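Peer 1: task: produce atomic coordinates for the following.
(chains A, B, C and D)
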Protein chains: 2
Amino acid sequence: MITQKAKYALRALTVLAEADDGEPVMISDIAAQQKIPKKFLEQILLDLKHQGIVVSRRGKQGGYLLLKPADMITFGEVLRIIDGPIAPLPCLSITAYRKCDDCDGEQNCEIRHVFAKVADATRKVLFSTTIADAVAPRGAEVTRMLA
Amino acid sequence: MITQKAKYALRALTVLAEADDGEPVMISDIAAQQKIPKKFLEQILLDLKHQGIVVSRRGKQGGYLLLKPADMITFGEVLRIIDGPIAPLPCLSITAYRKCDDCDGEQNCEIRHVFAKVADATRKVLFSTTIADAVAPRGAEVTRMLA
DNA sequence: CTTAATCTCTATTGATTTAGTAGGGTTACA
DNA sequence: TGTAACCCTACTAAATCAATAGAGATTAAG
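Peer 2: Sure, this is the predicted structure:
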């Protein structure tokens, strides 16, 4: 299960993706629109800012904007920032590798082998889907495939 | 990330799969062989027993045995018992479906749509791999595919 | 029939994570 | 210079994780 926080982050980004270019969106607007507790959303957007996903403008007329185009922001990178490693085992994580203390001999660990396949399949989906895909009207994906 | 408990469960089952047919294996032997805290393993095996994965014999010469052949026990069903739902969102769970309180209109929820693909991919791997696969010598899978 | 070995079950515990809340501090537009 | 907005840190209640503890039930062996 992904955390509530990650769900909030993804929803918030879709709001930013739908905003007019260069027009900052206020935290309170995003919170209201997506029913996200405002103070919690603040933290989330701050994280996303620190990790180079969004930028902010302070003071009156301030708010948040996407730093990169929506079709350059993948679900995978957002999940990594908010929820941490994608991999189901520490010894399979790309960003936070840690040897399993029990299984010695990773090459021979069949459990690892199975979960490596899970991790691959998961990454394929998460890193090939972007915020733009989440905003696109229904059927857009199919349309793109036929083009 | 799967829990430590799930990893222990899978390892314990591979030990049972490797035991001679009809020969019960004691908790302490499994614990020693796989470096699992014995009392913790007790609980795990009890769970697996209640869920019809293994059977036990009490008293002297007692121990645990697989209830089904190892190639009929999938990683997926073990994970469900120990860690709960496979799906990354409650609204995608087969065994523990729960409507997301925020996203109304599941058909139109694009986040759900993306994670549905993740869930499908994960299930494909987890329910097509069995304890027998985890015990089989390296390369067995390839051999089977070429046959 | 007693004893020791073995599984059975429930409760408890400490650490960590999750999902927020709280409350100032800082910036910048008007 | 006021005040609307983001910035940042700390705190907390509840749940989950990874065990540990200990009494009870069952069975094989002597």
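Peer 1: ok, A:Gly62 to chain B distance?
Peer 2: 25 Å (Cβ to the nearest Cβ, to the nearest Å). All C-beta atoms are positioned from the backbone trio N, CA, C, and that covers glycine.
Peer 1: which element is the residue nearest to A:Asp83 when sequence neighbours are not counted on?
Peer 2: Among residues not flanking A:Asp83 along the chain, A:Ala6 sits closest, at 4.8 Å (Cβ to Cβ, 6 or more residues apart in numbering or on different chains). In the assignment (DSSP states H and E), A:Ala6 maps to helix A:4-18.
Peer 1: which residues touch the closest residue to DNA strand C within chain A?
Peer 2: Of all residues in chain A, A:Gly59 sits closest to DNA strand C, at 2.5 Å by Cβ to the nearest atom of the strand. Counting by Cβ atoms under 8 Å, 6 or more residues apart in numbering or on different chains, A:Gly59 touches no other residue.
Peer 1: so what's it scoring on pLDDT?
Peer 2: Looking at A:Gly59, its pLDDT stands at 96.
Peer 1: for it, helix, strand, or coil?
Peer 2: Per DSSP: H, G, I helix; E, B strand; the rest coil, the local secondary structure of A:Gly59 is coil.
Peer 1: A:Ile82 is in contact with the residue nearest to A:Asp83, correct?
Peer 2: Yes. The pair A:Ala6 and A:Ile82 passes the contact test of Cβ atoms under 8 Å, sitting 4.4 Å apart.
Peer 1: for burial, what's the neighbour tally of the spatially closest residue to A:Ala87 that is not a sequence neighbour?
Peer 2: In space, and not counting its chain neighbours, A:Ala87 is closest to A:Ser93: 4.1 Å by Cβ to Cβ, 6+ apart. When counting by other Cβ atoms under 10 Å in any protein chain shown, one arrives at 17 neighbours for A:Ser93.
Peer 1: what's the answer for the one 5 residues further on, then?
Peer 2: Residues contacting A:Arg98 under the criterion other Cβ under 10 Å number 11.
Peer 1: host element of A:Thr122?
Peer 2: Using DSSP H and E, A:Thr122 falls in helix A:110-126.
Peer 1: which residues touch A:Ile81?
Peer 2: A:Ala9, A:Asp47, A:Leu48, A:Gln51, A:Ile53.
Peer 1: mind doing that once more with 6 Å?
Peer 2: Shown in contact with A:Ile81 (Cβ atoms under 6 Å, 6 or more residues apart in numbering or on different chains): A:Gln51.
Peer 1: does the helix or strand harbouring it reach DNA strand C?
Peer 2: Element membership for A:Ile81 (DSSP H and E) is helix A:75-83. Yes. Interface with DNA strand C: helix A:75-83 contributes A:Asp83 (Cβ under 7 Å from any atom of the strand).
Peer 1: that helix and DNA strand D, are they touching?
Peer 2: No. If you take Cβ under 7 Å from any atom of the strand as the test, helix A:75-83 misses DNA strand D, and the best it gets is 13.5 Å.
Peer 1: what mean pLDDT does that helix get?
Peer 2: 98.
Peer 1: what residues does chain A have near DNA strand C?
Peer 2: A:3-5, A:37, A:39-40, A:42-43, A:57-62, A:83.
Peer 1: now restrict those residues to buried residues only.
Peer 2: For the residues of chain A next to DNA strand C, a burial check counting by 16 or more other Cβ atoms under 10 Å in any protein chain shown picks out A:Lys5, A:Asp83.
Peer 1: list just the nearest of the residues of chain A next to DNA strand C to A:Asp21.
Peer 2: Nearest to A:Asp21, judged by Cβ to Cβ, of the residues of chain A next to DNA strand C is A:Arg57 at 14.1 Å.
Peer 1: what's the local residue count around the nearest residue to that closest one once chain neighbours are set aside?
Peer 2: Sequence neighbours aside, A:Pro24 is the residue nearest to A:Arg57 in space, at 5.0 Å (criterion: Cβ to Cβ, 6+ apart). The number of residues packed around A:Pro24, counting by other Cβ under 10 Å, is 18.
Peer 1: wait, A:Pro24 sits on A:Leu66?
Peer 2: No. With contact defined as Cβ atoms under 6 Å, A:Pro24 and A:Leu66 do not form a contacting pair (10.3 Å).
Peer 1: can you give me the neighbour number for the closest residue to A:Tyr8 other than its chain neighbours?
Peer 2: The shortest distance from A:Tyr8 to any non-neighbouring residue, by Cβ to Cβ, 6+ apart, is to A:Ile36 (4.8 Å). A:Ile36: 23 surrounding residues under other Cβ under 10 Å.
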